[in-house]
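[1] sharing a sequence plus its predicted fold:
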Amino acid sequence: MKTDGRALDHATLTELRKRAVASVQSGKRPCDVADALGVQRNTVYGWLARYRAGGVGALDARKRGGRPRKLDGKALKWIFETVSTKNPQQLEFKFALWTARMIGELIRKRFKVTLSKASVCRLLGQLGLTPQRPLWRAHQQRPEDVARWMETEYPAIKQEAKRLKATIFFGDEAGVRSDHHAGTTWAKRGQTPVVSSTGARFSLNMMSAVSAQGEFRFMVVDGRVGADQFIAFIKRLLLGANGMIFLIVDGHPAHKAKKVATFVKSVKAQFRLYFLPPYSPELNPTERAWNDVKNHAVGQKSLKDKDDLKKAVISHLRFIQKSPERVRGYFRNQTTRYAA
(Lines give C-alpha, C1' and ligand atoms only; values in the text may rest on other atoms or scores of the structure.)
Protein backbone atom coordinates (compact mmCIF):
# COMPACT_ATOMS: atom_id res chain seq x y z
CA MET A 1 0.00 0.00 0.00
CA LYS A 2 1.39 3.39 -1.04
CA THR A 3 1.48 6.39 1.29
CA ASP A 4 -0.43 9.49 0.16
CA GLY A 5 1.76 12.44 1.13
CA ARG A 6 -1.24 14.76 1.00
CA ALA A 7 -2.74 12.91 3.99
CA LEU A 8 0.38 13.51 6.14
CA ASP A 9 1.01 16.55 8.30
CA HIS A 10 3.95 18.77 7.34
CA ALA A 11 6.27 17.50 10.07
CA THR A 12 5.70 13.82 9.20
CA LEU A 13 6.11 14.41 5.48
CA THR A 14 9.31 16.39 6.04
CA GLU A 15 10.76 13.59 8.15
CA LEU A 16 9.76 11.04 5.53
CA ARG A 17 11.58 13.03 2.86
CA LYS A 18 14.72 13.31 4.98
CA ARG A 19 14.71 9.59 5.71
CA ALA A 20 14.38 8.78 2.02
CA VAL A 21 17.26 11.04 0.99
CA ALA A 22 19.52 9.78 3.79
CA SER A 23 18.77 6.16 2.88
CA VAL A 24 19.67 6.72 -0.77
CA GLN A 25 22.89 8.50 0.13
CA SER A 26 23.86 5.61 2.41
CA GLY A 27 23.88 3.35 -0.65
CA LYS A 28 20.34 1.99 -0.88
CA ARG A 29 18.68 2.03 -4.28
CA PRO A 30 15.93 4.67 -4.69
CA CYS A 31 13.45 2.00 -5.79
CA ASP A 32 14.13 -0.03 -2.61
CA VAL A 33 13.75 3.08 -0.45
CA ALA A 34 10.43 3.90 -2.15
CA ASP A 35 9.14 0.38 -1.53
CA ALA A 36 10.27 0.45 2.11
CA LEU A 37 8.57 3.78 2.79
CA GLY A 38 5.46 2.93 0.79
CA VAL A 39 5.72 5.80 -1.72
CA GLN A 40 5.98 5.98 -5.49
CA ARG A 41 9.48 5.65 -6.92
CA ASN A 42 9.14 8.88 -8.87
CA THR A 43 8.31 10.60 -5.58
CA VAL A 44 11.69 9.64 -4.10
CA TYR A 45 13.50 10.98 -7.17
CA GLY A 46 11.50 14.19 -6.81
CA TRP A 47 12.68 14.55 -3.22
CA LEU A 48 16.25 13.94 -4.33
CA ALA A 49 15.85 16.71 -6.90
CA ARG A 50 14.55 19.06 -4.19
CA TYR A 51 17.51 18.21 -1.96
CA ARG A 52 19.97 18.78 -4.79
CA ALA A 53 18.49 22.19 -5.60
CA GLY A 54 18.14 23.54 -2.06
CA GLY A 55 19.71 21.18 0.47
CA VAL A 56 17.96 19.83 3.55
CA GLY A 57 15.83 22.96 3.85
CA ALA A 58 14.17 22.23 0.53
CA LEU A 59 12.73 19.04 2.01
CA ASP A 60 10.55 21.04 4.41
CA ALA A 61 6.98 20.23 3.42
CA ARG A 62 5.80 23.69 4.51
CA LYS A 63 7.84 25.33 1.75
CA ARG A 64 6.43 25.71 -1.72
CA GLY A 65 8.07 26.56 -4.98
CA GLY A 66 11.69 27.67 -4.79
CA ARG A 67 14.13 28.16 -7.61
CA PRO A 68 13.58 26.04 -10.72
CA ARG A 69 15.49 22.78 -10.68
CA LYS A 70 17.89 22.17 -13.57
CA LEU A 71 17.44 18.43 -13.15
CA ASP A 72 14.06 17.24 -11.89
CA GLY A 73 13.13 13.88 -10.39
CA LYS A 74 12.56 12.32 -13.81
CA ALA A 75 16.04 13.37 -14.91
CA LEU A 76 17.66 11.99 -11.75
CA LYS A 77 15.85 8.70 -12.24
CA TRP A 78 17.20 8.42 -15.77
CA ILE A 79 20.76 9.26 -14.65
CA PHE A 80 20.68 6.70 -11.81
CA GLU A 81 19.30 3.90 -13.98
CA THR A 82 21.69 4.65 -16.84
CA VAL A 83 24.84 4.69 -14.71
CA SER A 84 23.87 1.73 -12.53
CA THR A 85 22.52 -0.60 -15.23
CA LYS A 86 24.22 0.27 -18.52
CA ASN A 87 27.71 -0.03 -19.94
CA PRO A 88 29.11 3.23 -21.42
CA GLN A 89 29.73 1.39 -24.68
CA GLN A 90 25.97 0.92 -25.04
CA LEU A 91 25.74 4.71 -25.33
CA GLU A 92 28.55 4.91 -27.91
CA PHE A 93 31.37 5.80 -25.54
CA LYS A 94 34.67 4.05 -26.28
CA PHE A 95 35.70 3.55 -22.64
CA ALA A 96 34.06 0.67 -20.72
CA LEU A 97 34.01 2.40 -17.31
CA TRP A 98 31.92 5.40 -16.27
CA THR A 99 33.87 8.55 -15.43
CA ALA A 100 32.49 11.81 -14.05
CA ARG A 101 33.36 13.61 -17.27
CA MET A 102 31.54 11.02 -19.39
CA ILE A 103 28.44 11.28 -17.19
CA GLY A 104 28.63 15.07 -17.41
CA GLU A 105 28.72 14.80 -21.20
CA LEU A 106 25.73 12.47 -21.09
CA ILE A 107 23.76 14.96 -18.97
CA ARG A 108 24.68 17.84 -21.29
CA LYS A 109 23.51 15.98 -24.39
CA ARG A 110 20.23 14.72 -22.94
CA PHE A 111 19.12 17.55 -20.64
CA LYS A 112 21.05 20.54 -22.05
CA VAL A 113 22.53 21.12 -18.59
CA THR A 114 26.26 21.72 -18.20
CA LEU A 115 27.79 20.59 -14.89
CA SER A 116 31.37 20.77 -13.69
CA LYS A 117 33.16 17.57 -12.77
CA ALA A 118 32.73 18.44 -9.07
CA SER A 119 28.98 18.97 -9.57
CA VAL A 120 28.64 15.62 -11.34
CA CYS A 121 30.48 13.88 -8.49
CA ARG A 122 28.23 15.62 -5.95
CA LEU A 123 25.13 14.60 -7.93
CA LEU A 124 26.24 10.96 -8.08
CA GLY A 125 26.91 10.99 -4.34
CA GLN A 126 23.43 12.34 -3.72
CA LEU A 127 22.07 9.39 -5.70
CA GLY A 128 24.04 6.95 -3.55
CA LEU A 129 26.55 6.14 -6.30
CA THR A 130 30.26 5.92 -5.45
CA PRO A 131 33.45 5.30 -7.48
CA GLN A 132 34.42 1.65 -7.11
CA ARG A 133 36.96 -0.77 -8.50
CA PRO A 134 34.95 -3.02 -10.85
CA LEU A 135 35.01 -6.81 -11.01
CA TRP A 136 36.12 -7.79 -14.48
CA ARG A 137 34.47 -10.69 -16.28
CA ALA A 138 35.68 -12.49 -19.39
CA HIS A 139 33.12 -11.98 -22.16
CA GLN A 140 33.42 -15.72 -22.90
CA GLN A 141 32.04 -16.55 -19.46
CA ARG A 142 28.69 -18.34 -19.58
CA PRO A 143 26.37 -17.15 -16.77
CA GLU A 144 24.48 -20.44 -16.87
CA ASP A 145 27.71 -22.34 -16.12
CA VAL A 146 28.44 -20.10 -13.15
CA ALA A 147 24.88 -20.47 -11.85
CA ARG A 148 25.07 -24.25 -12.15
CA TRP A 149 28.39 -24.29 -10.29
CA MET A 150 27.06 -22.11 -7.46
CA GLU A 151 23.66 -23.81 -7.11
CA THR A 152 24.36 -27.44 -7.95
CA GLU A 153 27.94 -28.54 -8.58
CA TYR A 154 29.78 -26.96 -5.67
CA PRO A 155 27.07 -27.84 -3.09
CA ALA A 156 27.38 -31.48 -4.27
CA ILE A 157 31.17 -31.37 -3.88
CA LYS A 158 30.78 -29.88 -0.42
CA GLN A 159 28.29 -32.57 0.58
CA GLU A 160 30.58 -35.32 -0.68
CA ALA A 161 33.53 -33.81 1.17
CA LYS A 162 31.48 -33.81 4.36
CA ARG A 163 30.56 -37.45 3.83
CA LEU A 164 34.17 -38.51 3.28
CA LYS A 165 35.59 -36.06 5.84
CA ALA A 166 37.70 -34.49 3.10
CA THR A 167 39.24 -31.00 3.09
CA ILE A 168 38.35 -28.78 0.14
CA PHE A 169 41.16 -26.66 -1.28
CA PHE A 170 40.99 -24.11 -4.08
CA GLY A 171 44.25 -24.01 -6.04
CA ASP A 172 45.87 -21.93 -8.74
CA GLU A 173 49.19 -20.74 -10.08
CA ALA A 174 50.33 -17.22 -10.88
CA GLY A 175 53.38 -15.29 -11.95
CA VAL A 176 54.74 -12.22 -10.23
CA ARG A 177 57.09 -9.66 -11.79
CA SER A 178 59.57 -7.32 -10.18
CA ASP A 179 58.04 -4.28 -11.91
CA HIS A 180 54.62 -4.69 -10.25
CA HIS A 181 53.98 -1.55 -8.15
CA ALA A 182 51.15 -0.75 -5.76
CA GLY A 183 50.33 1.71 -2.99
CA THR A 184 50.95 5.41 -2.38
CA THR A 185 53.47 7.54 -0.53
CA TRP A 186 53.34 11.03 1.01
CA ALA A 187 54.96 13.99 -0.77
CA LYS A 188 54.60 17.75 -1.28
CA ARG A 189 51.50 18.79 -3.17
CA GLY A 190 52.23 19.11 -6.88
CA GLN A 191 55.51 17.18 -6.69
CA THR A 192 55.10 13.56 -7.78
CA PRO A 193 57.53 11.44 -5.75
CA VAL A 194 60.03 9.20 -7.54
CA VAL A 195 61.13 5.85 -6.12
CA SER A 196 64.17 4.45 -7.89
CA SER A 197 64.54 0.75 -8.58
CA THR A 198 66.33 -1.45 -11.06
CA GLY A 199 65.13 -1.26 -14.65
CA ALA A 200 65.67 -5.00 -15.07
CA ARG A 201 62.63 -7.26 -15.07
CA PHE A 202 62.55 -10.68 -13.50
CA SER A 203 59.71 -12.98 -12.59
CA LEU A 204 58.74 -15.94 -10.47
CA ASN A 205 55.89 -18.45 -10.62
CA MET A 206 53.89 -19.57 -7.60
CA MET A 207 51.37 -22.28 -6.84
CA SER A 208 49.08 -22.30 -3.82
CA ALA A 209 45.92 -23.77 -2.35
CA VAL A 210 43.60 -22.31 0.28
CA SER A 211 40.83 -23.81 2.39
CA ALA A 212 37.87 -22.13 4.08
CA GLN A 213 39.29 -23.37 7.40
CA GLY A 214 42.32 -21.10 6.96
CA GLU A 215 44.87 -23.59 5.62
CA PHE A 216 47.39 -22.32 3.07
CA ARG A 217 49.86 -24.42 1.08
CA PHE A 218 52.30 -23.08 -1.50
CA MET A 219 55.18 -23.90 -3.83
CA VAL A 220 57.52 -21.52 -5.68
CA VAL A 221 58.63 -22.45 -9.19
CA ASP A 222 61.59 -20.84 -10.98
CA GLY A 223 60.55 -21.94 -14.47
CA ARG A 224 57.26 -22.59 -16.20
CA VAL A 225 54.38 -24.40 -14.53
CA GLY A 226 53.40 -27.55 -16.37
CA ALA A 227 51.95 -30.96 -15.62
CA ASP A 228 55.06 -32.13 -13.72
CA GLN A 229 55.04 -29.11 -11.43
CA PHE A 230 51.31 -29.50 -10.81
CA ILE A 231 51.77 -33.15 -9.86
CA ALA A 232 54.59 -32.17 -7.50
CA PHE A 233 52.27 -29.66 -5.87
CA ILE A 234 49.53 -32.27 -5.42
CA LYS A 235 52.07 -34.54 -3.73
CA ARG A 236 52.89 -31.73 -1.31
CA LEU A 237 49.20 -31.34 -0.51
CA LEU A 238 48.91 -35.05 0.24
CA LEU A 239 52.03 -35.13 2.39
CA GLY A 240 50.90 -35.40 6.01
CA ALA A 241 47.24 -34.81 5.10
CA ASN A 242 44.64 -36.00 7.58
CA GLY A 243 41.95 -37.49 5.39
CA MET A 244 41.11 -36.97 1.73
CA ILE A 245 41.92 -33.83 -0.24
CA PHE A 246 39.52 -32.28 -2.75
CA LEU A 247 41.29 -29.74 -4.98
CA ILE A 248 39.35 -27.30 -7.17
CA VAL A 249 41.25 -25.54 -9.98
CA ASP A 250 40.58 -23.82 -13.30
CA GLY A 251 40.84 -25.45 -16.72
CA HIS A 252 44.52 -24.62 -17.35
CA PRO A 253 46.07 -27.17 -19.78
CA ALA A 254 48.52 -28.30 -17.07
CA HIS A 255 45.59 -29.26 -14.84
CA LYS A 256 43.95 -31.37 -17.55
CA ALA A 257 47.06 -33.02 -18.96
CA LYS A 258 46.95 -36.80 -19.47
CA LYS A 259 49.91 -37.20 -17.13
CA VAL A 260 47.95 -35.42 -14.39
CA ALA A 261 44.83 -37.52 -15.01
CA THR A 262 46.89 -40.69 -14.72
CA PHE A 263 48.46 -39.53 -11.46
CA VAL A 264 45.11 -38.45 -9.98
CA LYS A 265 43.71 -41.89 -10.81
CA SER A 266 46.61 -43.52 -8.95
CA VAL A 267 45.80 -41.62 -5.73
CA LYS A 268 42.00 -41.73 -5.98
CA ALA A 269 41.74 -43.10 -2.42
CA GLN A 270 43.33 -39.88 -1.12
CA PHE A 271 42.60 -37.22 -3.68
CA ARG A 272 39.97 -35.84 -6.08
CA LEU A 273 40.33 -33.08 -8.66
CA TYR A 274 37.49 -30.73 -9.71
CA PHE A 275 37.29 -27.86 -12.19
CA LEU A 276 35.73 -24.40 -11.97
CA PRO A 277 33.52 -23.09 -14.80
CA PRO A 278 35.56 -21.67 -17.73
CA TYR A 279 36.65 -18.02 -17.55
CA SER A 280 35.61 -17.62 -13.92
CA PRO A 281 38.72 -16.69 -11.88
CA GLU A 282 36.61 -14.55 -9.53
CA LEU A 283 35.08 -17.76 -8.10
CA ASN A 284 38.50 -18.93 -6.89
CA PRO A 285 39.52 -17.62 -3.42
CA THR A 286 43.17 -18.27 -4.32
CA GLU A 287 43.02 -15.20 -6.58
CA ARG A 288 42.77 -13.15 -3.40
CA ALA A 289 46.02 -14.67 -2.17
CA TRP A 290 47.77 -13.60 -5.37
CA ASN A 291 46.53 -10.04 -4.94
CA ASP A 292 47.83 -10.17 -1.38
CA VAL A 293 51.30 -11.28 -2.48
CA LYS A 294 51.58 -8.90 -5.41
CA ASN A 295 50.40 -5.85 -3.49
CA HIS A 296 52.24 -6.46 -0.21
CA ALA A 297 55.27 -8.63 -0.98
CA VAL A 298 56.26 -7.01 -4.28
CA GLY A 299 54.26 -3.88 -5.08
CA GLN A 300 55.65 -1.73 -2.25
CA LYS A 301 59.29 -2.88 -2.30
CA SER A 302 62.37 -1.99 -4.29
CA LEU A 303 63.82 -5.29 -5.50
CA LYS A 304 67.40 -5.52 -6.78
CA ASP A 305 67.46 -8.95 -8.38
CA LYS A 306 65.61 -12.25 -8.69
CA ASP A 307 66.94 -13.48 -5.33
CA ASP A 308 65.42 -10.38 -3.70
CA LEU A 309 62.10 -11.13 -5.41
CA LYS A 310 62.16 -14.76 -4.34
CA LYS A 311 62.95 -13.90 -0.71
CA ALA A 312 60.19 -11.29 -0.57
CA VAL A 313 57.61 -13.64 -2.10
CA ILE A 314 58.47 -16.65 0.06
CA SER A 315 58.53 -14.48 3.20
CA HIS A 316 55.02 -13.21 2.51
CA LEU A 317 53.73 -16.64 1.53
CA ARG A 318 54.97 -17.97 4.88
CA PHE A 319 53.32 -15.05 6.63
CA ILE A 320 50.02 -15.94 4.96
CA GLN A 321 50.50 -19.58 5.94
CA LYS A 322 50.80 -18.56 9.59
CA SER A 323 47.73 -16.30 9.38
CA PRO A 324 44.63 -18.55 9.12
CA GLU A 325 42.25 -15.66 9.75
CA ARG A 326 43.78 -13.81 6.80
CA VAL A 327 43.22 -16.89 4.62
CA ARG A 328 39.62 -17.21 5.81
CA GLY A 329 39.18 -13.61 4.73
CA TYR A 330 39.79 -14.65 1.12
CA PHE A 331 36.45 -16.44 1.35
CA ARG A 332 34.52 -13.34 2.45
CA ASN A 333 34.68 -11.55 -0.86
CA GLN A 334 31.41 -10.98 -2.75
CA THR A 335 32.27 -13.64 -5.34
CA THR A 336 33.92 -16.20 -3.05
CA ARG A 337 31.74 -16.28 0.05
CA TYR A 338 29.73 -19.12 -1.51
CA ALA A 339 32.69 -21.40 -0.68
CA ALA A 340 33.07 -20.35 2.96
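    Cool, got the structure.

[2] how about the strands in the stretch 1-150 of the chain?
    In the stretch 1-150 of the chain, no segments count as strands under DSSP state E, counting those that start in this stretch.

[3] pLDDT weak spots in it?
    By pLDDT under 70, the weakly predicted segments of the stretch 1-150 of the chain are 1-8, 63-69, 94-96, 133-141.

[4] show me what contacts G223?
    N205 (CB atoms under 8 Å, 6 or more residues apart in numbering). For glycine as for every other residue, the C-beta is placed from the backbone atoms N, C-alpha and C.

[5] ok, it to G171 distance?
    Computed as CB to CB, to the nearest Å, the G223 to G171 distance reads 19 Å.

[6] same deal with A227?
    With CB to CB as the criterion, A227 and G171 are 14 Å apart.

[7] do E105 as well
    45 Å.

[8] these two: which has the busier surroundings?
    G171 (22 against 16; other CB atoms under 10 Å).

[9] following the helix or strand harbouring the more buried one, which helix or strand shows up next?
    Element membership of G171 [criterion: DSSP states H and E] is strand 167-177. Moving toward the C-terminus from strand 167-177, the next helix or strand (DSSP H and E) is strand 203-210.

[10] outside of that next one, which residues touch it?
    In contact with strand 203-210 (CB under 8 Å, 6+ apart) are residues 169-178, 215-225, 229-230, 233, 237, 247, 285-286, 289-290, 293, 306, 309-310, 313, 317, 327, 330-331.

[11] mind checking which of those residues are in strands?
    169-177, 216-221, 247 (DSSP state E).

[12] which of the residues you listed ranks first by neighbour count?
    F170 (27 neighbours).

[13] where do the helices sit along this structure?
    Counting by DSSP state H, the chain has helices at residues 10-25, 30-37, 41-54, 73-85, 100-111, 117-126, 143-148, 154-164, 227-238, 258-266, 286-293, 306-321, 324-329.

[14] how about these, which one is nearest S211?
    Taking CB to CB, helix 324-329 is the member of those nearest to S211, at 7.5 Å.

[15] any buried residues in that closest one, and which?
    Buried residues in helix 324-329, counted by 16 or more other CB atoms under 10 Å: R326, V327, R328, G329.

[16] how about stretch 250-268?
    D250, A254, H255, A257, V260, F263, V264, V267.

[17] the third one contacts V249, correct?
    Yes. Taking contact to mean CB atoms under 8 Å, the distance of 4.8 Å between H255 and V249 places them in contact.

[18] name the residues contacting each of the two.
    Contacts common to H255 and V249, judged by CB under 8 Å, 6+ apart, are L273, F275.

[19] and of the buried residues of helix 324-329, the nearest to T12?
    G329 (44.1 Å).

[20] per-residue confidence at that closest one?
    G329 is assigned 95 on the pLDDT scale.

[21] swap in the one 4 residues further on?
    Reading off the confidence values, N333 has pLDDT 87.

[22] return the residues in contact with the closest residue to it other than its chain neighbours.
    Spatially, and ignoring its direct neighbours in sequence, N333 is nearest to R288 (6.1 Å; CB to CB, 6 or more residues apart in numbering). For R288, the contact set (CB under 8 Å, 6+ apart) comprises G329, Y330, N333, T336.

[23] repeat the analysis, applying 7 Å as the threshold.
    Y330, N333, T336 (CB atoms under 7 Å, 6 or more residues apart in numbering).

[24] next one: it from R236, what distance?
    Relative to R236, and taking CB to CB, R288 is found at 21 Å.

[25] tell me which residues in stretch 331-340 are buried?
    Here stretch 331-340 shows F331, N333, T335, T336, A339 as buried, counting by 16+ other CB under 10 Å.

[26] now, among the residues you listed, which is nearest to W149?
    Using CB to CB, those come closest to W149 at A339, 10.3 Å.

[27] correct me if wrong: that closest one contacts Y330.
    No. Counting by CB atoms under 7 Å, A339 does not reach Y330; the two are 9.4 Å apart.

[28] please enumerate the shared neighbours of these two.
    P285.

[29] what about the closest residue in space to L48 that isn't next to it in sequence, how many residues nearby?
    Leaving aside its chain neighbours, L48 sits nearest to L76 (5.3 Å; criterion: CB to CB, 6+ apart). Close neighbours of L76, defined as other CB under 10 Å, add up to 25.

[30] against F170, how distant is L76?
    From L76 over to F170 (counting by CB to CB), the distance is 42 Å.

[31] same question, V176
    Using CB to CB, which is the criterion applied here, V176 is 19 Å from F170.

[32] over to Y154?
    10 Å.

[33] what sits in contact with each of these two?
    By CB under 7 Å, 6+ apart, the residues touching both Y154 and F170 are A339.

[34] let me see the contact set for the residue nearest to I103 when sequence neighbours are not counted.
    Nearest residue to I103, sequence neighbours excluded (CB to CB, 6+ apart): V120, at 5.4 Å. Applying CB under 7 Å, 6+ apart to V120 gives the contacts A100, I103, G104.

[35] can you do 10 Å?
    Counting by CB atoms under 10 Å, 6 or more residues apart in numbering, V120 makes contact with I79, T99, A100, R101, M102, I103, G104, E105, L106, I107.

[36] what's around the fifth one, how many residues?
    To tie it back to what came earlier, the one meant is M102. 17.

[37] check R122 too.
    Counted with other CB under 10 Å, residues neighbouring R122 total 14.

[38] kind regards, and thank you for your time.
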